[in-house]
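Enquirer: 3D model of this:
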Amino acid sequence: MLNFLSSLVRKYRSNFKVLEVLRNCVQKRTLRLGARGFAFIDSLSFMNRTPVMASALHLVMALGSVAMVQAQAQPAGGSAATAAQANAAQVTPPYDGSNLSVQVRDLCFVLGARDNQLVGYGIVSGLAGDGDKDPEFTLQAVANMLERFGLTLPPSALTSKNIAAVVLTADIPPFVRSGSRIDVHVSAMGDARSLHGAVLARTPLLGPDGTVYAVAQGPVAVGGFIGGIPGPGGASVQKNHPTSGQIVRGAVVEREIPVTFVKEKKLELIMRQPDFVNANAVADKINKTLRSDEVVDQVASPALAKDGSTIQVMIPDNYTADPVRFLALIEQLPVTVNTPARVVLNERTGTIVATSRVAVSSCAVAHGNIIVNIAQGYDISQPQVPLAGGAPVLSPATDIVINEGEGMLTPFRSMPTVQDVAKSLNALGVTPRDMMAIFQAMKQAGALQAELILR
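Expert: Numbers count the residues shown, from 1 in each chain. All right, here's what the predicted structure looks like:
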């Protein structure tokens, strides 16, 4: 039987080679051989010659199907070790919060496309007795306004109990066209008690060059109030600041500010917070995106970080006639932001802000509080002879008590994240102001691996 099979193998060796080529082609095309595949092989002319040959060919094709399934389950290397390495490479490390992916538009703004500040001086009325107390500049402003309407009066003949002089400020965004509306902030300039119920008369808003770019008018919305009886013996209640408010969309733009953001087929992105690492990351992201885009012409270096705040971008020829579309493509690119290690201390408000990259080396901390209590009273000394006509004498007395809180030296291990730092400091049970002193001492000792900013 073995001799018969060997003779068959030698006889049909060429047919086996053909089947091997077919199996390799099927593997390359990643097709699975099912019932239809076996039916196709059975229909070949040499399959009907010998039953043994047909069984052998079915066995070969079955082995080929198993090999194809294994090839699809494993990478090209074929080994289990290679598959394990590939799976390990695909494992994403846990996010520690140190890096954040944001859009380019949140990191940069385009040079030339910026806001401009406007300012104006005007008069508000309708204050119901809470206006200015007749200052000279308010009376003169009222007289000038009346003169524009054909009524000439000396300032001394006017009163300003219901009128107040105000200063107007506004920011006009770029690309704002004539007829658009912007918000206006209003604040009292004199001694008015409140701007509640005030109505602003038409007031021009000027730019730094002295040109009128907008005109403001309308009722003022105040976010605070004041009530009560002023003066000696009176009582009043105040919430927020009643002498400032705003007019939402209260100014109409009269003149457009020209904006030019493309010069010599180039535009510049300005970092909102200058940083060399983030500026280079933005340039690299733009270069990778443009080079991988088949629509954009290949440019050697489309984006170049000139310094920590300026990124120069060349506009490809495909977008020369449509720079807005090119800029919209760039501003939507996600960039991984590298946040510096920084601790900000505000002693006025007791606020502490630390980034996630803050780390502390091994150190030991002991912090104790000293509480000083001062009590002032009076001692009464009676005369030794009560009937001698002497009077009791009052003498001031002051008692001072000093209490020092107990503190012990607490060792701190290396703390690589801000979570560990916060947990260790909270375990001491100290207040935020005590934490400020601890942070400063850590920085002086060289244990705080971060920039310390005091406000």
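Enquirer: where do the helices sit along the stretch 201-350 of the chain?
Expert: 276-292, 323-331 (DSSP state H, counting those that start in this stretch).
Enquirer: got any ranges where the stretch 101-250 of the chain has weak pLDDT?
Expert: Within the stretch 101-250 of the chain, the segments meeting pLDDT under 70 span 225, 227-237.
Enquirer: hmm, 50 instead?
Expert: Within the stretch 101-250 of the chain, not a single segment meets pLDDT under 50.
Enquirer: Please enumerate the strands of it.
Expert: 108-110, 116-125, 163-172, 181-188, 199-206, 212-219, 221-222, 225-228, 236-239, 244-253 (DSSP state E, counting those that start in this stretch).
Enquirer: How about the fourth one, which residues are buried there?
Expert: Within strand 181-188, the residues that qualify as buried by neighbour count (16 or more other CB atoms under 10 Å) are 182, 184-186, 188. For glycine as for every other residue, the C-beta is placed from the backbone atoms N, C-alpha and C.
Enquirer: so which of these comes closest to Leu454?
Expert: Distance to Leu454 across the buried residues of strand 181-188 (CB to CB) is lowest for His185, with 30.3 Å.
Enquirer: roughly how far apart are that closest one and Ile315?
Expert: The spacing between His185 and Ile315, counted by CB to CB, to the nearest Å, is 37 Å.
Enquirer: again with Gly129
Expert: Distance from Gly129 to Ile315, by CB to CB: 61 Å.
Enquirer: who's more crowded, these two?
Expert: Ile315 (21 against 8; other CB atoms under 10 Å).
Enquirer: Can you tell me the closest non-neighbouring residue to that one?
Expert: Lys265 (4.9 Å; CB to CB, 6 or more residues apart in numbering).
Enquirer: check contacts around that neighbour.
Expert: 314-315, 320 (CB atoms under 8 Å, 6 or more residues apart in numbering).
Enquirer: picking that back up, would you convert the buried residues of strand 181-188 into a markdown table that also reports distance to Met145?
Expert: Converted to a markdown table, those look like this (distance: CB to CB, whole Å):
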| residue | distance to Met145 |
| --- | --- |
| Ile182 | 23 |
| Val184 | 18 |
| His185 | 21 |
| Val186 | 16 |
| Ala188 | 17 |
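Enquirer: thinking again about what came up before, mind checking which of the contacts of Lys265 are in strands?
Expert: Met314 (DSSP state E).
Enquirer: Quick check: of the contacts of Lys265, which lies closest to Val253?
Expert: Ile315 (28.9 Å).
Enquirer: The closest one contacts Asp322, correct?
Expert: No. Contact criterion CB atoms under 8 Å: Ile315 and Asp322 do not qualify, at 9.4 Å.
Enquirer: Nearest to Gly446 among the contacts of Lys265?
Expert: Distances from Gly446 to these, taken by CB to CB, are shortest for Met314, at 45.2 Å.
Enquirer: Does that closest one touch Lys266 like I think?
Expert: Yes. At 5.6 Å, Met314 and Lys266 qualify as touching, with contact defined as CB under 8 Å.
Enquirer: Between these two, which is the more surrounded one?
Expert: Using other CB under 10 Å, the more surrounded residue of Met314 and Lys266 is Met314, with 17 against 11.
Enquirer: From Val222, how far off is the more buried one?
Expert: 50 Å.
Enquirer: Pull the contacting residues for the closest residue in space to Ile172 that isn't next to it in sequence.
Expert: Leaving aside its sequence neighbours, Ile172 sits nearest to Asn116 (CB to CB, 6+ apart; 5.1 Å). When contacts are counted by CB under 8 Å, 6+ apart, Asn116 touches 171-172, 174, 207-208, 213, 257.
Enquirer: Not counting residues beside it along the chain, what's closest to Pro334?
Expert: Ser101 (4.7 Å).
Enquirer: For that neighbour, give me its contacts.
Expert: 334-337.
Enquirer: partner residues bridging it?
Expert: Beta-bridge partners for Ser101, by DSSP bridges, are Thr336.
Enquirer: how far away is it from Pro416?
Expert: Distance, Ser101 to Pro416, by CB to CB: 22 Å.
Enquirer: in what helix or strand does Ala364 lie?
Expert: According to DSSP states H and E, Ala364 maps onto strand 363-365.
Enquirer: elements contacting that strand?
Expert: In terms of contacts (3 or more CB pairs under 8 Å, 6 or more residues apart in numbering; DSSP states H and E), strand 363-365 is packed against strand 410-412, helix 432-445.
Enquirer: Reformat these as TSV; add mean neighbour count.
Expert: Formatted as TSV, the helices and strands packed on strand 363-365 follow (neighbours: other CB atoms under 10 Å):
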stretch	mean neighbour count
strand 410-412	13
helix 432-445	16
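Enquirer: Return the member of the ones you listed having the minimum mean pLDDT.
Expert: Among these, strand 410-412 carries the lowest mean pLDDT, a mean of 76.
Enquirer: Now tell me what touches it from outside.
Expert: 360, 362-366, 424, 428.
Enquirer: re earlier: quick check: pLDDT value at the residue nearest to Ile315.
Expert: Reported pLDDT for Lys265: 88.
Enquirer: Phi, psi for it please.
Expert: phi 60, psi 30 (degrees, to the nearest 10).
Enquirer: Spit out the contact partners of Asn280.
Expert: Ala305.
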